[in-house]
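1. next comes the sequence, and after it the predicted model I'd like to discuss.
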Amino acid sequence: MLNGTSCSTWRLYVIVDAEAVRGRDLAWVAQQAALGGADVIQLRDKRASTRQLLEEARRVRDVTRQAGVPLIINDRVDLALAVDAEGVHLGHEDLPVPVAKRLLGPGKLVGRSTHSLEGALEAERAGAEYLAVGPIYPTPTKPEYGSVGLKLIARVRAQANRPVVCIGGIDHATLPAVLQAGAECVAVVRAVCAADDPAEAARTLKRLVLQSVRTNASRV
């Protein structure tokens, strides 16, 4: 098991989404994200067939294994098992967390999308290893949820005992406010995947998150 599978140490979570990479190779984007300092990479392709997604996952798995970065598969427990990914990320319409955990077996990670304090606490009780809280800002990825706003970050972090990954509309412009609100790990899609230089984009984001975490730690 990779050292990076300790969710509490994650700072930059990059979602390699087929709809955001501007037609570029998913494995290449994942490689660039890892080079830029991504602590974990999620593969997401809502349009691919199962066979296509399996091939993509295998290629991205090769990249993340070489980089020593955990791979999370969006939605698909079967594909996470097929490529021996470190875990799976589940939304509201996916398998329940306990079922996914039973299928994946010990030592694997299950993350859960949450959109409220109650949802986050429910996901924690169900056994999720990390809680994705958002969308913090409106995002084309999840237009049906609107945005939950910045105040939810501190509320979830104060009451939940799982690592919190803030997600939704986070980029170089919105990141400072998200960090000011208490985020210690952020998930990004287009901020890295659609960047002209994904590695440099990831590097800049990671540096800003690390600076914020270190500054806050020095104040304690």
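-> Perfect, thanks for sending it. Residues are numbered from 1 along each chain as shown.

2. same for the helix or strand where residue 31 lies, what does it pack against?
-> Taking DSSP states H and E as the criterion, residue 31 maps to helix 26-35. On a contact count with 3 or more C-beta pairs under 8 Å, 6 or more residues apart in numbering; DSSP states H and E, helix 26-35 meets strand 12-17, strand 40-44, helix 50-67, helix 190-193, helix 198-219. In this view, the C-beta of every residue, glycine as well, is placed from N, C-alpha and C.

3. which residues are in contact with the last one?
-> When contacts are taken as C-beta atoms under 8 Å, 6 or more residues apart in numbering, the neighbours of helix 198-219 outside the stretch itself are 11-12, 14, 29, 32-33, 35-39, 172, 175-176, 179-180, 183-186, 188, 191-192, 195.

4. still on that earlier bit, show me what counts as buried in the helix holding residue 31.
-> By 16 or more other C-beta atoms under 10 Å, the buried positions in helix 26-35 come out as 26, 27, 29, 30, 31, 32, 33, 34, 35.

5. how about stretch 170-188?
-> 170-171, 174-175, 178-179, 181-188.

6. how far does that stretch stretch from one end to the other?
-> Using C-alpha to C-alpha, to the nearest Å, the end-to-end distance of stretch 170-188 comes to 6 Å.

7. one more: stretch 71-82?
-> 12 Å.

8. for residue 151, give its distance to residue 128.
-> Residue 151 sits 22 Å away from residue 128, going by C-beta to C-beta, to the nearest Å.

9. of these two, who's got more company?
-> residue 128 (27 against 10; other C-beta atoms under 10 Å).

10. tell me, how many residues neighbour the residue nearest to the more buried one when sequence neighbours are not counted?
-> Leaving aside its sequence neighbours, residue 128 sits nearest to residue 112 (C-beta to C-beta, 6 or more residues apart in numbering; 4.1 Å). Using other C-beta under 10 Å, residue 112 has 27 neighbouring residues.
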